[in-house]
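Enquirer: structural data only, the sequence is not supplied:
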């Protein structure tokens, strides 16, 4: 039972991640955002309850409440890894959807490289010394 009492740091981290997800999703996915908020609040309540139950059942004392036990580190690492995985997955999805929105011009057959955009200089600009008198004392 003491392993369960040590999971309050993991629940607090999970609550933080879910509340951040609520603020990110609230515009596009309202139902999912509300579920994130409700789960975040439940994680906060569960973390506080496990913390006080752990002190009540002498799993740890108020003097060493800031020590995270090994089971707590394992739970915290699991929540951090799952949060990182979700962030990476969401980032890949957003990059993929952003790249699909960029309009692509079809290239004509037989052409390997796209044409330069309109207004592209056909010849390079003259060097900065062009038009100056070489033997002049003035720049």
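Expert: Good, I have the coordinates. If you're wondering where the values come from, they're calculated on a predicted model, not measured in any experiment. Numbers count the residues shown, from 1 in each chain.

Enquirer: which residue ranges of the chain form strands?
Expert: Counting by DSSP state E, the chain yields no residue ranges for strands.

Enquirer: the longest helix seen in it - contacts with which helices or strands?
Expert: Longest helix in the chain, counting residues (DSSP state H): helix 70-100. Using 3 or more Cβ pairs under 8 Å, 6 or more residues apart in numbering; DSSP states H and E, the elements in contact with helix 70-100 are helix 8-25. All C-beta spots, glycine's among them, are computed from the backbone N, C-alpha and C.

Enquirer: okay, the angle between the helix it packs on and helix 70-100?
Expert: Inter-element angle recorded for helix 8-25 and helix 70-100: 20 degrees (by axes from the mean of the first three to the mean of the last three Cα atoms, to 10 degrees).

Enquirer: tell me how many other residues surround residue 97.
Expert: Per other Cβ atoms under 10 Å, the neighbour tally for residue 97 reads 9.

Enquirer: re earlier: for the longest helix of the chain, which positions count as buried?
Expert: For helix 70-100, a neighbour-count test (16 or more other Cβ atoms under 10 Å) marks 72, 75-76, 79, 83 as buried.

Enquirer: ok, these vs residue 34, which is closest?
Expert: Nearest to residue 34 among these: residue 83, at 19.6 Å, using Cβ to Cβ.

Enquirer: please report how far that closest one lies from residue 76.
Expert: 11 Å (Cβ to Cβ, to the nearest Å).

Enquirer: what do you get for residue 35?
Expert: In terms of Cβ to Cβ, residue 35 sits 23 Å off from residue 76.

Enquirer: same question, residue 32
Expert: For residue 32, the distance to residue 76 - Cβ to Cβ - is 25 Å.
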